[in-house]
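Colleague: pasted the sequence and its predicted model underneath.
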Amino acid sequence: MSSREQQPPAAERPLTPLELYSRLEKSNCGRCLLPGCLAFAAAVVAGTRKLADCPALSAEARAELSRALQPRSSSLTPLQADFIDRLEEKIASMDLAAVAPRIGASYSGGVLTINSLGKDFHIDSQGRMSSQCHIIPWVRAPLLSYVTNPTHRPPTGNWISFRELEGGIDWQGLFRSRCETPLRELADASPDLLSDLVELFSGRTVQLFAADINLVLHPLPHFPILISYQAPEDDLESKLTILFDECCGSNLHIKSAFTLCSGLVRMFAQIARQHA
Ligand code: SF4
């Protein structure tokens, strides 16, 4: 079978850089601040440039291309894409140099750098994100949301449950079924998983509660979470709780906190599958 035949039909996958290039003006005018239209197409597909950065594209063309850039199975719904656009616009109006020390980030050369689980993510003055890691929606939206959050507190060292975060009561059922329960099942099936996460994501273990492992991770600089797991024993079921530093409710909207945690659990499930 040729490589051409192996590709899914164009309508079922996002555009490739060459396909996007074929639909651009191809004047290489440089107004997008890139060497030409092909470089721009590659940057858009990689997620480091937006279609709006090419002034030659009409609003209709942008909307059509935006749809074509999304795979049918993409986890980024139009609503989420719109949410990310609004966050990027908000960031474009912010003084990122002033924001950086407040949120535990650094700022240099017009770029804000935020560490998530030991990996650096960079945000430019237009809200565009880049990283050496693959940027997935569950990281992107909460990270932008964290930068734009109107309030901010440094970590306190006091741990509280999800339901105690502002707005957490309404989300706690979903949080349990999408985050705590699947993570407990993963830990039951892969006993080494949680200790592996310490290495993989610059975590640390603490001796706070009576449990087999208490693992602290920083999905965002001022958003520490604590995963406390007790393995099953005799007739006793295993137990897993995800706790949050008291500051978390001031640093991220509850919806973004949920998105971040459920995305983390999905990523841990993928890691457990790879280990298996
Ligand atoms: S601004 Fe648009 S037309 Fe000009 S080089 Fe960039 S992509 Fe091409």
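Modeller: Good, I have the coordinates.

Colleague: and the strands in the protein, which stretches?
Modeller: 106-108, 111-116, 119-123, 129-131, 159-160, 204-205, 213-220, 223-230, 239-245 (DSSP state E).

Colleague: where do the helices sit along the protein?
Modeller: Ranges of helices within the chain are 3-6, 17-22, 37-46, 59-69, 78-92, 96-103, 137-148, 168-175, 181-189, 193-200, 248-251, 254-275, based on DSSP state H.

Colleague: ok, which residues in the stretch 1-150 of the chain are in contact with the ligand?
Modeller: 24-25, 27-32, 34, 36-37, 40, 54-56 (Cβ under 6 Å from any ligand atom). C-beta coordinates here come from the backbone N, C-alpha and C atoms, glycine included.

Colleague: so which of these wins on neighbours?
Modeller: Within those, neighbour counts (other Cβ atoms under 10 Å) peak at Phe40, which reaches 26 neighbours.

Colleague: for that residue, what are its contacts?
Modeller: Phe40 sits next to Leu24, Cys32, Leu34, Arg49, Asp53, Cys54 when contact means Cβ atoms under 8 Å, 6 or more residues apart in numbering.

Colleague: let's see 10 Å
Modeller: Shown in contact with Phe40 (Cβ atoms under 10 Å, 6 or more residues apart in numbering): 17, 20-21, 24-25, 28, 30-34, 49, 51, 53-54, 56.

Colleague: ditto for Tyr21
Modeller: Leu15, Gly36, Cys37, Leu38, Ala39, Phe40, Ala41, Ala42, Val44, Val45.

Colleague: now Arg153
Modeller: Residues near Arg153 by Cβ under 10 Å, 6+ apart: Arg102, His222, Asp245, Glu246, Cys247, Cys248, Gly249, Ser250, Asn251.

Colleague: got the contact list for the third one?
Modeller: The one in question is Asp245. 153-160, 216, 218, 222-226, 251.

Colleague: quick revisit: which one of the helices of the chain lies closest to Ala231?
Modeller: Ala231 sits nearest to helix 181-189 of all the helices of the chain, at 7.3 Å, using Cβ to Cβ.

Colleague: which parts of that closest one are buried?
Modeller: Pro182, Leu183, Arg184, Leu186, Ala187 (16 or more other Cβ atoms under 10 Å).

Colleague: what pLDDT does the fourth one get?
Modeller: In this case it means Leu186. Here the pLDDT value assigned to Leu186 is 93.

Colleague: could you shift the numbering so residue one becomes 73, and keep it that way?
Modeller: Noted, 73 is the first residue going forward, which turns the last one into Leu258.

Colleague: excluding chain neighbours, what is closest to it?
Modeller: Once flanking residues are discounted, Leu258 sits nearest to Ala344: 5.2 Å by Cβ to Cβ, 6 or more residues apart in numbering.

Colleague: also the first one?
Modeller: With Cβ to Cβ, 6+ apart as the measure, Val337 is the residue that lies nearest to Pro254, at 5.4 Å, once sequence neighbours are left out.

Colleague: list the contacts for Ser178?
Modeller: By Cβ under 10 Å, 6+ apart, the residues touching Ser178 are Ala172, Leu184, Thr185, Ile186, Asn187, Asp192, His194, Pro293.

Colleague: my guess is Arg276 meets Ile285, correct?
Modeller: No: counting by Cβ atoms under 10 Å, Arg276 does not reach Ile285; the two are 11.2 Å apart.

Colleague: which one's more surrounded, these two?
Modeller: Neighbours were counted for Arg276 and for Ile285 using other Cβ under 10 Å; Ile285 has more, 19 against 11.

Colleague: which residues sit in contact with the more buried one?
Modeller: 259, 263, 265-267, 269-270, 277-278, 299-303, 312.

Colleague: could you report the pLDDT at it?
Modeller: So Ile285 comes in at 92 (pLDDT).

Colleague: and the one 10 residues further on, by the same measure?
Modeller: At Phe295, the predicted lDDT confidence score is 97.

Colleague: surely it meets Leu332?
Modeller: Yes: in this structure, Phe295 is within contact of Leu332 by Cβ under 10 Å, at 7.5 Å.

Colleague: overlap in contacts of the two?
Modeller: Common neighbours of Phe295 and Leu332 (Cβ under 10 Å, 6+ apart) are Ser188, Pro214, Leu215, Tyr218, Cys320, Leu324.
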